[in-house]
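Undergrad: Sequence and predicted structure, then a few things I'm wondering about:
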Amino acid sequence: MAKLIVQGGTPLKGAVKLSGAKNSSYKLMIASLLCPHENRLLNFSRIADVKLVKEILQSLGAKVYSAGERTMFIDSKNLSSSIVPQELGLASRASSMFLAPLLARTQKAIVPLPGGDKIGKRPLGWHFDGLKAMGASIKVKGNILEASCQELHGASFTFPKNSHTGTETLVMAAVLAKGETVIKNAALEPEIDDLINFLNKQGAKINRLNNRVIKINGVKNLKPVIHQVMPDRNEAVSYAIAALVTKGDIILENANKNHLTAFLRSIKKAGGGYEVDGFGIRIFYHKPLKAINVTTKPHPGFMTDWAPLWAVLATQSEGATNLIETIMSSRFQYAKDLTRMGAKISFFDPKPKNPDTFYNFDLKDDQPQNLHGMSIKGKTQLVGKSVKITDIRAGATLTLAGLAAQGQTILSGLDHIDRGYENFAGRLLKLGAKIKRIN
């Protein structure tokens with residue numbers, strides 16, 4: 001079993017060029033199935049999730065290959081199957097998103113329910129309701145989704161709560177559907193606009209009427225294009241916090257400040273330094289950090305994926321941080337290991353006046369034992385321990401904790417990190433970290 005060995009206490013300094021966004025890359029790959037020609041996608045990250053989706057596309061008959069650095073050529077002209085292999089689909093968070101392009105191209109789809117991180121139930125029912133409104137029939141048999149349609153048609157659908165992947169799924173379904181589709185209470189994440197820009201380049205007719213309403217007029221076909229994947233904002237935040245918790249100074253090459261507004265605002269309040277220029281964003285430690293309260297929200301708010309990373313920063317900040325999670329029903333699995341490393345953490349129930357509007361997950365999927373508030377008292381000297389990673393962001397979180405800790409931290413379960421980060425240990429090593437990976 002591969003392990004990561006981290007020796008803490010070294011300030012990180014240097015520059016890191018951000019990879020293409022994980023949460024955009026594999027979705028653009030899936031959307032490429034809508035166009036029966038060769039699309040060329042640039043700035044891909046070399047991560048396990050991309051490799052997994054590549055294997056699924058190839059199993060469906062698409063031709064997928066690289067020809068140059070960080071490129072992906074995808075040609076689905078000879079799409080020959082509507083069945084996502086169970087062993088591949090169960091390992092991917094993206095499996096349900098194949099429903100839309102397969103229904104649009106072949107009028108049928110057999111897809112396993114998504115696997116991936118176990119950080120709370122995902123509201124797939126909303127995705128299915130939207131597809132049904134567009135003419136699809138969907139049956140769930142065990143862990144298999146069976147979908148079919150005579151023809152997808154336009155519809156008006158309102159999401160009960162913002163759904164990132166739900167919005168993307170319906171956008172893909174509507175592009176080739178007959179007539180007009182209006183998606184209300186749509187999500188605003190930059191990755192969604194990256195998908196919209198990609199499809200519009202191909203000839204789709206997609207418009208945001210306002211922030212939360214998207215109108216799509218179906219077209220008969222799409223043309224092939226060249227498109228560059230947006231930079232990964234989660235990767236940006238990971239390296240930014242690595243700079244602050246080690247009292248370092250890191251330049252995030254090609255980072256987009258418009259994708260990170262809520263994070264940069266929080267960094268400023270906490271006393272961290274940052275500078276925005278043509279090169280991207282520089283993050284640096286220049287004075288003691290102070291605790292601030294953080295509540296996760298849909299974009300443009302503070303992203304749920306950033307909260308575990310911020311928990312490490314909270315341990316190195318003076319005062320008490322109240323961290324409230326409103327997006328995922330069960331996101332605090334990493335707290336047990338942080339506590340073992342010396343973090344002073346307690347949990348609480350935020351008790352909002354109107355839970356249904358305060359939380360963005362479906363309350364009926366919540367569990368009584370889930371508490372959605374975490375209080376972290378700092379500043380605390382973390383101490384290295386042996387820990388096992390449970391999900392992508394927990395992996396980055398515990399690695400950052402190891403960088404800030406005294407002594408040695410040994411991490412196992414690296415497959416989670418590999419799903420979302422390209423050569424995480426190697427890139428930290430180049431920034432000065434005392435870190436090595438043992439395979």
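TA: Received, thanks. Here the structure is a predicted model, which means the values were calculated and not measured. Numbering: from 1, shown residues only.

Undergrad: quick one: average confidence on stretch 169-185?
TA: Average pLDDT, stretch 169-185: 98.

Undergrad: So what would you say the end-to-end distance of it is?
TA: 14 Å (C-alpha to C-alpha, to the nearest Å).

Undergrad: List the buried residues of it.
TA: 169-177, 181-183, 185 (16 or more other C-beta atoms under 10 Å). (C-beta placed from N, C-alpha, C; glycine too.)

Undergrad: and stretch 400-415, how far apart are its ends?
TA: 17 Å.

Undergrad: how far out from the middle of the chain is that stretch?
TA: 22 Å (C-alpha atoms, centre = their mean, to the nearest Å).

Undergrad: in stretch 21-41, what counts as buried?
TA: 21-36, 38-41.

Undergrad: Same check on stretch 12-22?
TA: Leu12, Val16, Leu18, Ser19, Gly20, Ala21, Lys22.

Undergrad: How about the secondary structure of the second one?
TA: Put plainly, it is Val16. Secondary structure for Val16, judged by DSSP: H, G, I helix; E, B strand; the rest coil, is strand.

Undergrad: Make sure it is actually in contact with Ala255.
TA: No. Counting by C-beta atoms under 8 Å, Val16 stays clear of Ala255, with 9.5 Å between them.

Undergrad: Secondary structure element holding the nearest residue in space to Lys54 that is not next to it in sequence?
TA: In this structure, Lys54 finds its nearest non-sequential neighbour in Val64, 5.0 Å apart by C-beta to C-beta, 6 or more residues apart in numbering. Following DSSP states H and E, one finds Val64 within strand 63-65.

Undergrad: in that strand, what counts as buried?
TA: For strand 63-65, by 16+ other C-beta under 10 Å, it's Val64.

Undergrad: For that strand, enumerate the helices and strands it packs against.
TA: helix 48-59, strand 72-75 (3 or more C-beta pairs under 8 Å, 6 or more residues apart in numbering; DSSP states H and E).

Undergrad: quick one: strands adjacent to that strand?
TA: strand 72-75 (antiparallel) (DSSP bridges).

Undergrad: Extract the CA atoms of the strand it pairs with and return them as PDB.
TA: In PDB, the C-alpha atoms belonging to strand 72-75 read as follows (Å, rounded to 0.1, in the frame of the first residue of the first chain):
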ATOM      1  CA  MET A  72      -7.300  15.100 -24.700                       C
ATOM      2  CA  PHE A  73      -8.800  14.200 -28.200                       C
ATOM      3  CA  ILE A  74     -12.300  12.800 -28.000                       C
ATOM      4  CA  ASP A  75     -14.200  11.400 -31.000                       C
END
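
Undergrad: if we look at that strand, which residues are touching it?
TA: By C-beta atoms under 8 Å, 6 or more residues apart in numbering, the residues outside strand 72-75 that reach it are 29, 32, 37-41, 44, 50, 54, 57, 62-67.

Undergrad: how much space is there between the most far-flung residue of the chain relative to its centre and Lys27?
TA: Among residues of the chain, the one most distant from the C-alpha centroid is Gln150; the distance is 32.9 Å, by C-alpha atoms, centre = their mean. Counting by C-beta to C-beta, to the nearest Å, the gap from Gln150 to Lys27 is 26 Å.

Undergrad: Gln333 too?
TA: 25 Å.

Undergrad: any idea how the chain splits into domains?
TA: The chain is divided into the following domains under automatic domain parsing: 3-19+231-438, 22-228.

Undergrad: Could you give the average pLDDT over the longest one?
TA: When pLDDT is averaged along domain 3-19+231-438, the result is 95.

Undergrad: Straight-line length of it, end to end?
TA: Note: domain 3-19+231-438 ends 5 Å apart using C-alpha to C-alpha.

Undergrad: roughly how far out does that domain sit from the chain middle?
TA: For domain 3-19+231-438, the distance to the chain centre is 14 Å (C-alpha atoms, centre = their mean).

Undergrad: so what's Ile110 up against?
TA: By C-beta under 8 Å, 6+ apart, the neighbours of Ile110 are Ser82, Ile83, Val84, Ile144, Leu145, Glu146, Ala147.

Undergrad: Am I right that the first one is in contact with Ala104?
TA: Spelled out, that is Ser82. No. Using C-beta under 8 Å, Ser82 makes no contact with Ala104, being 11.1 Å away.

Undergrad: any idea how far Met29 is from Ser330?
TA: To Ser330, Met29 is 28 Å away according to C-beta to C-beta.

Undergrad: rewinding a little: doesn't the residue farthest from the centre of the chain fall inside a helix?
TA: No. Counting by three-state DSSP, Gln150 is not part of a helix but coil.

Undergrad: isn't it right up against Ala136?
TA: No. Gln150 lies out of contact with Ala136 (C-beta under 8 Å); the separation is 9.6 Å.

Undergrad: Tell me where the stretch 201-350 of the chain has helices.
TA: For the stretch 201-350 of the chain, applying DSSP state H, counting those that start in this stretch gives helices covering 233-245, 261-270, 307-315, 335-340.

Undergrad: For Lys434, which of those is the nearest?
TA: helix 233-245 (12.9 Å; C-beta to C-beta).

Undergrad: on that earlier part again, can you name the residues that contact the residue farthest from the centre of the chain?
TA: Taking C-beta under 8 Å, 6+ apart as the test, what Gln150 contacts is Gln107, Gly135.

Undergrad: Can you give me the buried ones in stretch 345-353?
TA: For stretch 345-353, burial by neighbour count (16+ other C-beta under 10 Å) applies to Ile345.

Undergrad: what is the residue nearest to Lys54 paired to in the beta sheet?
TA: Ile74.

Undergrad: What distance do you get for it to Phe159?
TA: Taking C-beta to C-beta, one finds Val64 at 31 Å from Phe159.

Undergrad: likewise Leu309?
TA: The value you get for Leu309 to Phe159, if C-beta to C-beta is used, is 27 Å.

Undergrad: now Ser386: how far from Val6?
TA: 11 Å.
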